[in-house]
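Undergrad: Build me a model:
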Amino acid sequence: MKRSPNDNLTSRRSISRRALLLGGSQLAVVGVLALRMRYMQVDQAEEFRTLAEENRINIRLIAPERGPIYDRNGILIAGNQQNYSIVVVREDAGDIDETIAKITQLVPLDPDDIAKSVKEIKRRSPFVPVTLADRLSWEDFSKIAVNAPALPGVTPEVGLSRHYPLQGDFAHIVGYVGPVSDYDLSKLQNPDPLLQIPKFQIGKIGVESKLEADLRGRAGNKQIEVNAMGRVIRELDRTDGQPGEKLQLTIDAKLQNFVQARMAGESAAAIVIDVETGDILAAGSAPSFDPNLFVRGISVADYGVLTSDKYRPLANKAVQGAYPPASTFKMVVALAALKEGVLTLEDTEFCRGFITVGNRRFHCWKRNGHGRVELIEALFQSCDVFFYEVAQRVGIDKIAETARLFGIGTHLDLPMSAVANGLAPDKAWKRANRGEEWLVGDSLNAGIGQGFVLATPMQLALMTARLASGRSVNPRLIKTINGIETPVTGGEPLDFAPEHLDAVRRGMDMVSNYQRGTAYRSRIAEESLAMAGKTGTAQVRNITAAERASGVVSNADLPWERRDHGLFVAYGPVVNPRFAVSVVVEHGGGGSSAAAPVARDIMLFAEHGGLPPLSSYPSSQRTEIEERFAALNLRDFTQPAPGRVRA
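TA: Presented below is the predicted three-dimensional model:
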């Protein structure tokens, strides 16, 4: 059907309108797109450039250098060794098993270490770097570095690892570091991001733990460029962290080494304190262990050896061990009684070998007794009966009060782990802790340092330093932090009459320097260096009536763990004292035979500043001493310590 001219005209007009509308719409869309592109490319160019940069730049924390620890003379105790390691980031590496297979083709890796690392990789967030291997040789490290472009997500890194060049000498004092554990993190409310660094090391015990905040330092960071596959292209920027602070201890490394060597083969502890300042010059605990074993995580086999040893090498007996002070406590009892006026310097007691309280006998160590004795003689012969009588007169509350003035039963503020408080018991303590009233027999036992009384070797050394100086010196372990001296505290005069202190000191002098003294065999031959001391023998078991009737079973006849502890405390020289020493030998037997000889050697080493000459000893003992010194495994401090240490 043929359309009319009017219809054709109408149709053309309609098409033109639609074309204009469509063209306008298209033009509007193109205009909006153009404006959006201009906005994104011009107005927002800097923002998108920044986002692009962030997508190809990773920022990683750099562990700071841990602060070194030195002895009082600048000898390095804890430093840092260069450590080559391999770090893996799971989200960049892709197939972990395949990546590890490639790495093991280049360098040998321990299967156990691989298993631990894989477990850690799967446990951590995919973007957290995890150390696959550390302490690599330079050759193995170089192989990884050369092949890094073919190992996405794998980074060879150079860091520092803690090292203890003096090994067991300072294990109980300084402690050790180890990898951060879940338990460590659980104790912190806002953990430092540093603790997320793979195998980052923190202090676990000792000074390393107690002064962790000072030693750790602050993290640095580095910016690295990676490609789309996660491979590191280059390092763009680096900001080094702030290293930890340098610590200097009051300990003398040479003296500490001698103390540890002298106690070899024993389960023992020994302390040396500067009488004037309270500086701890040595704090030995034997046997010891190598703290380097713990830095990477100790093996099950090595840990089993340490925990199964009946001598307990992991325990710091110097501050953790709490022992009955035995007769070393008699000076405290005497001063309490003198101060309260229930004892005078002229008073005497008759010792017939025992006293009877109720239906029980309390025996003196000397079976036939000492006869009539006064205070000084009771001290140098260590007469138990004299102090049984004195303890009854003065009472336990005054004894406990005096004991605390000398540091026993008090908390010592030292940056060491598990510092025990000891115990100076009184009536209120027994009522609160045992639900019982204090008995006369309890006072008698306390009068000779037995029963409930407990003291650590550190407290016994402090007691001796306060006796020698007549002042309330406090123990100090940290000498300087970053070169700034830490204050010496205490030092106020003790509230005891000078004549009473002098009487106790005369008794201690005669213990070591009078023929009838209990430690006369351990005297010092050089009169100018003579020491004053006090022996103690702490019973580990009760002696039965049958044993006494048969002459008492000898310690040597008993199993080691049932033998008595041997104790000795001393200060020297007698005139103008400089050093206070305490020694406890676990299950060593008598204090005069087990502890006093050790204390004498330590005292002489401290006084001479090195191995003492044989002339310091009685002539009859010099051959024995020479052989003993020859057998000691002493460190040569003229030679550098083993291992490459960076302080």
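Undergrad: per-residue confidence at residue 52?
TA: Note for residue 52: predicted pLDDT of 52.
Undergrad: which residues in the stretch 251-400 of the chain form helices?
TA: For the stretch 251-400 of the chain, the helices defined by DSSP state H, counting those that start in this stretch cover 253-262, 292-295, 300-308, 330-340, 375-380, 384-394, 396-405.
Undergrad: Distance to residue 561 and mean pLDDT for these - can I get that in a markdown table?
TA: To be clear about C-beta, it is placed using only N, CA and C from the backbone, and glycine gets the same treatment. What follows is the helices of the stretch 251-400 of the chain, written out as a markdown table (distance: least, C-beta to C-beta, whole Å; pLDDT from 0 to 100):
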| stretch | distance to residue 561 | mean pLDDT |
| --- | --- | --- |
| helix 253-262 | 23 | 98 |
| helix 292-295 | 26 | 91 |
| helix 300-308 | 14 | 93 |
| helix 330-340 | 26 | 98 |
| helix 375-380 | 31 | 97 |
| helix 384-394 | 24 | 97 |
| helix 396-405 | 28 | 98 |
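Undergrad: With distance to residue 441 added, can I get those in TSV?
TA: Listed next are the helices of the stretch 251-400 of the chain as TSV, based on distance: least, C-beta to C-beta, whole Å:
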stretch	distance to residue 441
helix 253-262	38
helix 292-295	46
helix 300-308	38
helix 330-340	15
helix 375-380	20
helix 384-394	10
helix 396-405	11
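Undergrad: out of those helices, nearest to residue 464?
TA: helix 330-340 (8.6 Å; C-beta to C-beta).
Undergrad: what sits against the most centrally placed residue in the chain?
TA: Centroid check for the chain by C-alpha atoms, centre = their mean gives residue 206 as the closest residue, at 1.8 Å. Taking C-beta atoms under 8 Å, 6 or more residues apart in numbering, we find residue 206 in contact with 171-176, 316, 415-417.
Undergrad: Please tell me how far the closest residue to it other than its chain neighbours sits from residue 78.
TA: Spatial nearest neighbour of residue 206, chain neighbours left out: residue 175 (2.3 Å); criterion: C-beta to C-beta, 6 or more residues apart in numbering. Distance, residue 175 to residue 78, using C-beta to C-beta, to the nearest Å: 9 Å.
Undergrad: What of residue 613?
TA: Distance check for residue 613 against residue 78: by C-beta to C-beta, it reads 33 Å.
Undergrad: Between the two, tell me which one has more neighbours.
TA: residue 78 (29 against 12; other C-beta atoms under 10 Å).
Undergrad: Name the nearest residue to the more buried one, sequence neighbours excluded.
TA: The shortest distance from residue 78 to any non-neighbouring residue, by C-beta to C-beta, 6+ apart, is to residue 69 (4.1 Å).
Undergrad: Just to check, the one you found is in contact with residue 253?
TA: No: using C-beta atoms under 8 Å, residue 69 is not in contact with residue 253, being 10.8 Å away.
Undergrad: And the chain, what are its domain boundaries?
TA: Using automatic domain parsing, the domains assigned to the chain come out as 62-249, 253-631.
Undergrad: Could you point out which residue ranges in the stretch 51-200 of the chain have low pLDDT?
TA: By pLDDT under 70, the weakly predicted segments of the stretch 51-200 of the chain are 51-56, 58-60, 91, 125-128, 198.
Undergrad: swap the cut-off to 90 and go again
TA: Scanning the stretch 51-200 of the chain for pLDDT under 90 picks out the ranges 51-65, 81-161, 178-200.
Undergrad: Would you work out how far apart the start and end of stretch 201-219 are?
TA: 13 Å (C-alpha to C-alpha, to the nearest Å).
Undergrad: no, scratch that, I was asking about stretch 513-531
TA: 8 Å.
Undergrad: What residues of that stretch count as buried?
TA: For stretch 513-531, the neighbour count (16 or more other C-beta atoms under 10 Å) marks 513-514, 517-524, 526, 529-531 as buried.
Undergrad: Just flag the most distant two among the residues you listed.
TA: Farthest-apart pair in the buried residues of stretch 513-531 is 518 and 526; separation 20.8 Å (C-beta to C-beta).
Undergrad: which residues does residue 448 contact?
TA: Counted by C-beta under 8 Å, 6+ apart, residue 448 has contacts 326-327, 329-330, 384, 387-388, 391.
Undergrad: Let me know the closest of these to residue 145.
TA: Nearest to residue 145 among the contacts of residue 448 is residue 326, at 63.0 Å by C-beta to C-beta.
Undergrad: Spit out the contact partners of the closest one.
TA: Here residue 326 is in contact with 448-450, 536-539, 565, 567, 591 (criterion: C-beta under 8 Å, 6+ apart).
Undergrad: mind checking which helix or strand residue 236 is in?
TA: According to DSSP states H and E, residue 236 maps onto strand 232-239.
Undergrad: If you average the pLDDT over stretch 274-288, what comes out?
TA: For stretch 274-288, the mean pLDDT works out to 97.
Undergrad: for that stretch, how far is the first residue from the last?
TA: So stretch 274-288: terminal residues 24 Å apart, C-alpha to C-alpha.
Undergrad: Excluding chain neighbours, what is closest to residue 424?
TA: Leaving aside its chain neighbours, residue 424 sits nearest to residue 409 (2.9 Å; criterion: C-beta to C-beta, 6+ apart).
Undergrad: whoops, I mixed them up, residue 309
TA: Closest residue to residue 309 apart from its sequence neighbours, by C-beta to C-beta, 6+ apart: residue 287 at 7.1 Å.
Undergrad: Am I right that residue 582 sits in a strand?
TA: Yes: counting by DSSP: H, G, I helix; E, B strand; the rest coil, residue 582 is located in a strand.
Undergrad: What's the separation between it and residue 423?
TA: For residue 582, the distance to residue 423 - C-beta to C-beta - is 17 Å.
Undergrad: more neighbours, the two?
TA: residue 582 (33 against 19).
Undergrad: was I right about the more buried one contacting residue 467?
TA: No: using C-beta under 8 Å, residue 582 is not in contact with residue 467; the gap is 11.5 Å.
Undergrad: any idea how far residue 132 is from the residue lying closest to residue 338 once chain neighbours are set aside?
TA: Nearest residue to residue 338, sequence neighbours excluded (C-beta to C-beta, 6+ apart): residue 500, at 4.3 Å. Residue 500 sits 68 Å away from residue 132, going by C-beta to C-beta.
Undergrad: okay, those two: which has more neighbours?
TA: residue 132 (26 against 18).
Undergrad: Helices along the stretch 501-647 of the chain, start to end?
TA: With helices called from DSSP H, counting those that start in this stretch, the stretch 501-647 of the chain shows them at 545-549, 596-608, 622-631.
Undergrad: rewinding a little: intersection of neighbour lists for residue 69 and residue 253?
TA: residue 77.
Undergrad: The residue nearest to residue 309 touches residue 310, doesn't it?
TA: No: counting by C-beta under 8 Å, no contact exists between residue 287 and residue 310, whose distance comes to 10.5 Å.
Undergrad: Of those two, which one has the most company?
TA: The neighbour comparison of residue 287 against residue 310 (other C-beta under 10 Å) goes to residue 287, with 21 against 9.
Undergrad: List the residues that contact the more buried one.
TA: 168, 264, 267, 309, 311, 313.
Undergrad: Now do the contacts for the residue nearest to the fifth one when sequence neighbours are not counted.
TA: I take that to be residue 311. If the residues on either side of it in the chain are set aside, residue 311 comes closest to residue 267, at 4.0 Å by C-beta to C-beta, 6+ apart. Shown in contact with residue 267 (C-beta under 8 Å, 6+ apart): 286-287, 310-312, 317, 585-587.
Undergrad: Please pick the buried ones from these.
TA: 286-287, 312, 317, 585-587.
Undergrad: I'd like these laid out as CSV, including distance to residue 440.
TA: Shown next, in CSV, are the buried ones among the contacts of residue 267 (distance: C-beta to C-beta, whole Å):
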residue, distance to residue 440
286, 38
287, 41
312, 36
317, 33
585, 32
586, 30
587, 30
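Undergrad: and of those, the nearest to residue 400?
TA: Of the buried ones among the contacts of residue 267, the one sitting nearest to residue 400 (C-beta to C-beta) turns out to be residue 317, at 24.0 Å.
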